[in-house]
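Trainee: can you look at this prediction? I've put the sequence above it.
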2 protein chains.
Amino acid sequence: MKTTHIGLLGLGTVGKGVAEALSHQHSVVIEKILVRCTDRYHADLPLTTDVRDILENPEIDIVVEVMGGIEPAHTYLVAALEQGKSVVTANKEVIARFGPELMTLARQTHTTLLFEASVGGGLPILDALTWHLRTMPIHAIEGVVNGTTNFILHQMEQGMNFSEALKRAQNLGFAEQDPSADIDGWDSARKLAILSGLAFHTWIHPDQGQVTGISHVRSSHLQRLTRMGFGMRLVGRVERHPTSLGFVVAPTVYPLGHRYLTLTGSQNAVGIVSDAGTTWIEGPGAGGLATATSIVSDIQRIRFMIPDREPIRFENRRLDHIDDAYLVFAEDPNQILPIIPETLKSGPGFLILPFPLPPEEGLVQYRYRAK
Amino acid sequence: MKTTHIGLLGLGTVGKGVAEALSHQHSVVIEKILVRCTDRYHADLPLTTDVRDILENPEIDIVVEVMGGIEPAHTYLVAALEQGKSVVTANKEVIARFGPELMTLARQTHTTLLFEASVGGGLPILDALTWHLRTMPIHAIEGVVNGTTNFILHQMEQGMNFSEALKRAQNLGFAEQDPSADIDGWDSARKLAILSGLAFHTWIHPDQGQVTGISHVRSSHLQRLTRMGFGMRLVGRVERHPTSLGFVVAPTVYPLGHRYLTLTGSQNAVGIVSDAGTTWIEGPGAGGLATATSIVSDIQRIRFMIPDREPIRFENRRLDHIDDAYLVFAEDPNQILPIIPETLKSGPGFLILPFPLPPEEGLVQYRYRAK
């Protein structure tokens, strides 16, 4: 089989994982690696600080982008596709914002754009979605797709306050120095927007939905929930209605023992709901080696020219409105005790805490999803 | 796109699900359906009682087999492949026993043999395995892959005795009239043997491993376990050792809250373990419509000539021995109380109950997996 030449944009945690994973593959070589500064790396790596060594290099077949951030990543990906190179990217910001344009460009230039690593790191979520789409329509997708908030909520359940938990996450490398994308829910919203584009062929912008982060959650809320037999995770859900989509990202409350509450650190879980039932994919949602598995799988998909991404396309299908799908309110916090356990036991119901919370007791108002 | 003509062998629960699911697909038509007796069905279905109307029909591209059982299914599949027809089957008995021979025959006749539905009904487990194999080696696979035993164990936890629970499962259609394949663990062992063939390229016969069913489990055992904070499911596991495989199917004990214990009825869960962590696939493991999704996905895979099954092959790789991977014994049942909770909290450990149990108290001897 012909050797495939890779141009790698970025050599952070994921980039190093990709280099490591590709070293075990036959007939795939990394031709060039773009870094900001060559001093920090082994001298025997094929480093460059000039992106043209990759974008204008006729040897390179596939550009793998693991830089993150909108720019210059977006410009580089456009240039790569225009140069006739296929692209594999882990960049959820770029795909959530420019997915349809980039897919159109790839079709025009007869190249391939794949992005399994942009949602759920090491999990074959887009693969499973494609699999489902081949056979039956999807009604809804939901999941926990952000590891930073798992970590912070778990620490706060143990009594740490929010800013301490955030600082700890930053010190351990779980959270960015600017953590707003994670804790305000935008990271989850971008991933849900990508899933929505694939599952429903409908492109939505994250800010069209109801997106609430965890920065208003207090340790005292979580401890009170624990005593009541519940726990909280940041959950996103997109569901298809007759002429609209429901789209929500919010800190959500589940009875102890629920699968989401066992997720710690970078563990993700995504459920795909169809007439056949709900299929759950659960496992490592981040980390260099895990994310690299998705990237290498995409590279192999391009190499073997596997045409099963046909159902994966973005369309700007007309969307009448975005629903807030959550219906029932219980104004009195004492009402919650008789209501929840019965309902949660038997149905797909879950609770959403509205934020910002009232200043004192906090858990005054609940919204309960009735369906 | 060219219309694909299907010959369907069998029209039971799964066969009806396939017919229903295919009615929504473009360019796929069911040309003929083999049944034992045409009286029981709608007159407008293209029924036949003569298999030659399918096997010798030049119009038919793909033979879909949902009859179950070794014969005559195996003979029909061999004939179909020899006639140059591709085959999609849900038949775990045939694949577990004749997988390598059929794969070889398919290669020789330039046809395709796919069998996603043979393990985990409606779940894309073989798809996820293939995905993983493209990027990194798999260390182990484990899971709950039999719904009948879920149902019976769940009933027995509520106090029903084994034969009552079995009768109830039979009355509700969850269990066969001859339930031995399910309750003695052979159904699970066959599915694990198929997963082992794909993940480790090593063909093992189910009876090479330690296979223990649930027929010796007593309701009193389960109720005692519940009081101790544990529950039981029939679990299978295959793991790779340097020169051997560990292969076990056994009723296995987990702390309450473990994912396996939430599985009821036909729900299955399979974990794929690699350096990147463990990926879990969980959802409907049986049922007409669910199983049909796997079959339709395989049909579409063949239609689009998606060549990503390359890593899926069986080899009779030499196997020095099959390990029983379970190591530590605790002779005194009272020892278990201090030992388990600590160990189970922190590691991948789990317990296996040895059967047949001593006649009286039952839970006298435990084996604990130390690794």
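Mentor: Good, I have the coordinates. Numbering: from 1, shown residues only, chains lettered A, B, ... in the order given.
Trainee: and stretch A:48-60, what's buried?
Mentor: Residues A:Thr48, A:Val51, A:Asp53, A:Ile54, A:Leu55, A:Asn57, A:Ile60 are the ones in stretch A:48-60 that count as buried (16 or more other CB atoms under 10 Å in any protein chain shown). Placement of C-beta: from N, CA and C, glycine included.
Trainee: could you tell me which of these belong to helices?
Mentor: Counted as lying in helices by DSSP state H, out of the buried residues of stretch A:48-60, are A:Asp53, A:Ile54, A:Leu55.
Trainee: ok, the first one - contacts?
Mentor: For A:Asp53, the contact set (CB atoms under 8 Å, 6 or more residues apart in numbering or on different chains) comprises A:Lys32, A:Leu34.
Trainee: what's the domain layout of chain A?
Mentor: With domains defined by automatic domain parsing, chain A comprises A:4-114, A:126-284+A:318-368.
Trainee: any idea which of the ones in helices among the buried residues of stretch A:48-60 is the one closest to B:Ala269?
Mentor: A:Ile54 (42.4 Å; CB to CB).
Trainee: any idea how far the closest one is from B:Ile302?
Mentor: The gap separating A:Ile54 from B:Ile302 is 38 Å, by CB to CB, to the nearest Å.
Trainee: same check, this time on A:Val144
Mentor: 35 Å.
Trainee: have a look at these two and say which one is more surrounded.
Mentor: A direct count of neighbours by other CB atoms under 10 Å in any protein chain shown for A:Val144 and B:Ile302 places A:Val144 higher, at 25 against 19.
Trainee: isn't that one right next to A:Ala269, touching?
Mentor: Yes: contact criterion CB atoms under 8 Å: A:Val144 and A:Ala269 qualify, at 5.3 Å.
Trainee: mutual contacts of the two, please.
Mentor: A:Tyr260, A:Leu263.
Trainee: get me the contact residues on the stretch 1-150 of chain A for chain B.
Mentor: A:Ala21, A:His24, A:Gly122, A:Leu123, A:Pro124, A:Asp127, A:Ala128, A:Trp131, A:His132, A:Arg134, A:Thr135, A:Met136 (CB under 8 Å from any CB of the partner chain).
Trainee: what residues are up against the first one?
Mentor: Translated: A:Ala21. With CB under 8 Å, 6+ apart, A:Ala21 has these contacts: A:Leu289, A:Ala292, A:Thr293, A:Ile295, A:Val296, B:Thr135, B:Met136.
Trainee: repeat that for 6 Å
Mentor: Contact partners of A:Ala21, counting by CB atoms under 6 Å, 6 or more residues apart in numbering or on different chains, are A:Ala292, A:Val296.
Trainee: hmm, back to that, need the ones in helices among the buried residues of stretch A:48-60 in TSV with pLDDT, can you?
Mentor: Converted to TSV, these look like this (pLDDT from 0 to 100):
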residue	pLDDT
A:Asp53	97
A:Ile54	97
A:Leu55	97
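Trainee: report how many residues lie close to A:Thr243.
Mentor: Neighbour number of A:Thr243 under other CB under 10 Å is 10.
Trainee: so the helix or strand where A:Ile299 lies, near chain B or not?
Mentor: Assigned by DSSP states H and E, A:Ile299 belongs to helix A:288-303. Yes: counting by CB under 6 Å from any CB of the partner chain, chain B has neighbours in helix A:288-303: A:Leu289, A:Ala290, A:Thr293, A:Val296, A:Ser297, A:Gln300.
Trainee: ditto for stretch A:249-267
Mentor: Yes: counting by CB under 6 Å from any CB, chain B has neighbours in stretch A:249-267: A:Gly257.
Trainee: buried sites along that stretch?
Mentor: Buried, per 16+ other CB under 10 Å, within stretch A:249-267: A:249-255, A:258-263, A:265-267.
Trainee: about what we covered before: scan the residues of helix A:288-303 next to chain B and report the most crowded one.
Mentor: Most surrounded of the residues of helix A:288-303 next to chain B: other CB under 10 Å gives A:Thr293, at 30 neighbours.
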